[in-house]
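# I need the structure of the sequence given here:
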Amino acid sequence: MLLVDDRALVDFGGGEGKDAFRSAWELGSAGQSKVWDELKEALSLGCALRESVAVAPSFPSQLDPDADMFESALAVHPGALVRDKDGKALGKLDWEVVTVIELPEQGDARIKLADGREAYVAPGDLRSAADYRLTMERKSGAWKITAFVAGD
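From the prediction side, this is the model:
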């Protein structure tokens, strides 16, 4: 746990530190932890340096401060196909922020594009801005995880 800061934020309910991180991510149970999948996903979406803090993925920090993180999502897969209500292709998105109007249990998500048009996209091409976010800071000469949280 050398890479986790002693005060790393684990959840918004007061969970912090190495023990909380270990417990939250079930690191004591071989093969049970989902931390590696979540870290891989967050890091695969790009990282940005904000005032000496590395943030991954970087897009939540790029949203309008007034944006609702639970409504806003990102078409994360470059080339995500967007269709109209009849299924006709409208084009492809590359890392664009959209608003989720409806996310049914089955079928495509109904979204609002930045230009105001409604469209449909595969749910797997969306990632919520409120999903897991990783922050890392350089402390005592090493990069440390200072937060790995989901939510607002």
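# hey, C-alpha coordinates of the worst-scoring helix or strand of the chain on mean pLDDT in PDB?
The helix or strand of the chain with the poorest confidence is strand 72-75; it has a mean of 76 (mean pLDDT, DSSP states H and E). Below are the C-alpha coordinates for strand 72-75, written out as PDB (Å, rounded to 0.1, in the frame of the first residue of the first chain):
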ATOM      1  CA  SER A  72     -23.700  14.700 -17.700                       C
ATOM      2  CA  ALA A  73     -21.800  11.800 -19.300                       C
ATOM      3  CA  LEU A  74     -19.100  11.400 -21.800                       C
ATOM      4  CA  ALA A  75     -19.200   9.400 -25.000                       C
END
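# Can you list the neighbours in contact with it?
Identification of contacts with strand 72-75 by C-beta atoms under 8 Å, 6 or more residues apart in numbering yields 45, 57, 59, 63, 82, 93-100, 111, 121, 125-129. C-beta coordinates here come from the backbone N, C-alpha and C atoms, glycine included.
# ok, residues contacting stretch 142-152?
2-5, 7-12, 21, 35, 38-39, 42, 53-54, 69-70, 130-138.
# how does it look with 7 Å?
3-5, 8-12, 69, 130-137 (C-beta atoms under 7 Å, 6 or more residues apart in numbering).
# next one: stretch 82-89
Here stretch 82-89 has contacts from 81, 90, 91, 92, 93, 119, 120, 121, using C-beta under 7 Å, 6+ apart.
# Can you read off the pLDDT for residue 152?
With respect to pLDDT, residue 152 has a value of 70.
# And it, how close does it get to residue 35?
21 Å (C-beta to C-beta, to the nearest Å).
# Likewise for residue 136?
Relative to residue 35, and taking C-beta to C-beta, residue 136 is found at 14 Å.
# Check residue 124 too.
On the measure of C-beta to C-beta, residue 124 and residue 35 end up 21 Å apart.
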